[in-house]
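[1] Sequence unavailable; structure follows:
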């Protein structure tokens, strides 16, 4: 029994991103995103019978999962609910969980939502909650090994040492995505350009990562609505069919493997969808850091392991390039909504709603999610037709 | 004059105590699986290699090489405000185990992957002694 094309994404709702203080806590952004997604789909709250929630760094109500959100929105009679926690792979994991439940007849219309509110308004001190940026467990904190940036910097240094990857190559990723963001009115960096000189001279976070090697910080929320392919055809927007799904979580030490879970996840997802890498028209890869993009390109097989640095140069990336990658600007330059960043842009592109940044051929889209330090991985294959 | 805040210390579990006790005596003492003999750090209840729950603690040579390293410029915790920029390294010891530690006694710009290092001991606030690493003569 194949799940290929049995379900589709029919609604996408996004709040304003970044220094958005319309809500004081993540659930407010989540609720707004769900309402926007329902309106986008032409559905109402009463149509939902599934609610999946992926929280960000601001502490969520762990015991009750998504129930607080359900109650806040007055949603009744759900048949599917979970709080899903797999880092940036959660968005893909939510869509997969929804799709499997719908295909099994256990739910019909599922909202998958991510929201976070790490930024405090100036009136409340203007700070940023300690989190990925500052979290460390146990003995790592004793040695000053804090935050995701430190973890990925450790991977980046090893990648540069073993394969000769350069700052120029990392900077090329940052610049290409900034150029896409400059075409995206919803991107936090829409109005700010970035030059290679600015990249190189930007302050160090954890060497070898500069400021512009690191993703943005954003308050906001994004929701996608998943339903059956049959139902999708009757709704407002062109369906974005879920053709393939997979996950990969390799374990071990990424500083030694210099790999993520894409090789495992893609095997499942591409087989389900019946596609090869060359079939994709547009690609959205999780980009918490520039090095993440390079490693992920290698692990999907766009190039050999270690060749990611040279691969991204020569004008391949960016709006003028040959590989439409992270076409909204990604987490580096659009907004940091974890796995919902690449997923939302994938939906927009497949629908043909990309405006000035729309990729002309957009039938098949690859979307990755990534969590931890190359720890968790999700792959979605999205398509405009079945 | 206010003392700078202390580095955060992990909870002193039974598995972690020998590490800090050994440091006080100038030795790098690591947890060792009683079944397959693999060293592991940070210590934990079971062996992630063979799944055994029994372990011992044994001193190691303290010699190894840098697998990778970073130079931290952000002040993530006030205890490190006076230390930035500082080096955190992933170090593979001769015994095979890989651990995270600081590298001292060398300018951050001079540190290299593959550099041989040896354990030394740093006095933290209070009476905590912490194993760290410094450059060592090759092999």
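    Now that the structure is in, tell me what you want to look at. The structure presented is a predicted model; accordingly, all values stated were derived computationally and were not measured.
[2] Leaving out sequence neighbours, find the closest residue to residue 23.
    In the absence of a named chain, chain A is used. Closest residue to residue A:23 apart from its sequence neighbours, by C-beta to C-beta, 6 or more residues apart in numbering or on different chains: residue A:29 at 5.1 Å. All C-beta atoms are positioned from the backbone trio N, CA, C, and that covers glycine.
[3] nope, chain B
    Spatial nearest neighbour of residue B:23, chain neighbours left out: residue B:129 (4.3 Å); criterion: C-beta to C-beta, 6+ apart.
[4] related to what we said a few turns ago, if I've got this straight, the residue nearest to residue A:23 is in a strand?
    No: membership of residue A:29 in a strand is not supported by DSSP: H, G, I helix; E, B strand; the rest coil, which gives helix.
[5] I'd like to know how many residues surround it.
    Residues contacting residue A:29 under the criterion other C-beta atoms under 10 Å in any protein chain shown number 31.
[6] Could you grab the helix/strand/coil label for residue A:173?
    Applying three-state DSSP: residue A:173 is helix.
[7] Endpoint to endpoint, stretch A:233-253 covers what distance?
    With C-alpha to C-alpha, to the nearest Å as the measure, the ends of stretch A:233-253 fall 45 Å from one another.
[8] Which of the three states applies to the residue sitting nearest the centre point of chain B?
    For chain B, the residue nearest the mean C-alpha position is residue B:101 (3.9 Å; C-alpha atoms, centre = their mean). Under three-state DSSP, the three-state class of residue B:101 is strand.
[9] Then residue A:32?
    helix.
[10] Let me see the ranges of the strands in the stretch 201-350 of chain A.
    Applying DSSP state E, counting those that start in this stretch to the stretch 201-350 of chain A gives strands spanning A:204-207, A:209-210, A:220-228, A:240-247, A:282-284.
[11] helices or strands next to the fourth one in the packing?
    Helices and strands touching strand A:240-247, as assessed by 3 or more C-beta pairs under 8 Å, 6 or more residues apart in numbering or on different chains; DSSP states H and E, comprise strand A:7-14, helix A:90-103, helix A:262-273, helix A:340-351, strand A:376-383.
[12] The shortest one too?
    Contacts defined by 3+ C-beta pairs under 8 Å, 6+ apart place strand A:209-210 against helix A:147-163.
[13] remind me which residues of the chain are low pLDDT?
    All of this is about chain A. A:61, A:129-134 (pLDDT under 70).
[14] The intended chain is chain B.
    Residues of chain B that meet the cut-off, pLDDT under 70, sit at B:1-4, B:138-139.
[15] Close to chain A: what parts of it are there?
    B:7-11, B:16, B:42, B:67-74, B:76-77, B:80, B:83, B:85-86, B:88, B:90, B:98, B:100-102, B:108, B:113-114, B:130, B:132 (C-beta under 8 Å from any C-beta of the partner chain).
[16] can you list the residues of the stretch 251-386 of chain A near chain B?
    So the stretch 251-386 of chain A meets chain B at A:253, A:255, A:256 (C-beta under 8 Å from any C-beta).
[17] What residues does the closest residue to residue B:134 other than its chain neighbours make contact with?
    Distance criterion C-beta to C-beta, 6+ apart; nearest residue to residue B:134, sequence neighbours excluded, is residue B:105 at 3.8 Å. Counting by C-beta atoms under 8 Å, 6 or more residues apart in numbering or on different chains, residue B:105 makes contact with B:120, B:134, B:135.
[18] Please report how far the closest residue in space to residue A:259 that isn't next to it in sequence lies from chain B.
    Spatially, and ignoring its direct neighbours in sequence, residue A:259 is nearest to residue A:299 (5.5 Å; C-beta to C-beta, 6+ apart). Distance of residue A:299 to chain B, computed by C-beta to the nearest C-beta, to the nearest Å: 18 Å.
[19] same thing with residue A:36?
    35 Å.
[20] again, but for residue A:226
    From residue A:226 to chain B the distance is 36 Å (C-beta to the nearest C-beta).
[21] Tell me the spacing between the nearest residue to that residue once chain neighbours are set aside and chain B.
    Closest residue to residue A:226 apart from its sequence neighbours, by C-beta to C-beta, 6+ apart: residue A:98 at 4.1 Å. Remark: distance between residue A:98 and chain B (C-beta to the nearest C-beta) = 33 Å.
[22] need the contact list for residue A:98.
    If you count contacts by C-beta under 8 Å, 6+ apart, then residue A:98 has A:7, A:50, A:52, A:80, A:107, A:110, A:112, A:226 around it.
[23] Looking at the residues you listed, which one is closest to chain B?
    residue A:52 (30.6 Å; C-beta to the nearest C-beta).
[24] That closest one: how many residues sit nearby?
    29.
[25] mind checking the SS state of it?
    Counting by three-state DSSP, the backbone at residue A:52 sits in strand.
[26] beta partners for residue 86?
    Since you didn't name a chain, this refers to chain A. Counting by DSSP bridges, residue A:86 is bridged to residue A:88.
[27] wait, chain B
    Bridge pairing for residue B:86 - DSSP bridges - gives residue B:72.
[28] Looks like it contacts residue A:146 (just checking).
    No: the pair residue B:86 and residue A:146 does not pass the contact test of C-beta atoms under 8 Å, sitting 11.3 Å apart.
[29] Between those two, which is the more surrounded one?
    Relative neighbour count places residue A:146 above the other of residue B:86 and residue A:146, with 26 against 17, counting by other C-beta under 10 Å.
[30] what separates that one from residue A:185, distance-wise?
    35 Å (C-beta to C-beta, to the nearest Å).
[31] list the contacts for residue B:9?
    A:142, B:128.
[32] next one: residue A:93
    Per C-beta under 8 Å, 6+ apart, neighbours of residue A:93: A:54, A:84, A:86, A:247, A:369, A:378.
[33] Kindly reformat the contacts of residue A:98 as JSON lines and extend each row with distance to residue A:348.
    Formatted as JSON lines, these follow (distance: C-beta to C-beta, whole Å):
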{"residue": "A:7", "distance to residue A:348": "18"}
{"residue": "A:50", "distance to residue A:348": "23"}
{"residue": "A:52", "distance to residue A:348": "21"}
{"residue": "A:80", "distance to residue A:348": "26"}
{"residue": "A:107", "distance to residue A:348": "25"}
{"residue": "A:110", "distance to residue A:348": "20"}
{"residue": "A:112", "distance to residue A:348": "16"}
{"residue": "A:226", "distance to residue A:348": "16"}
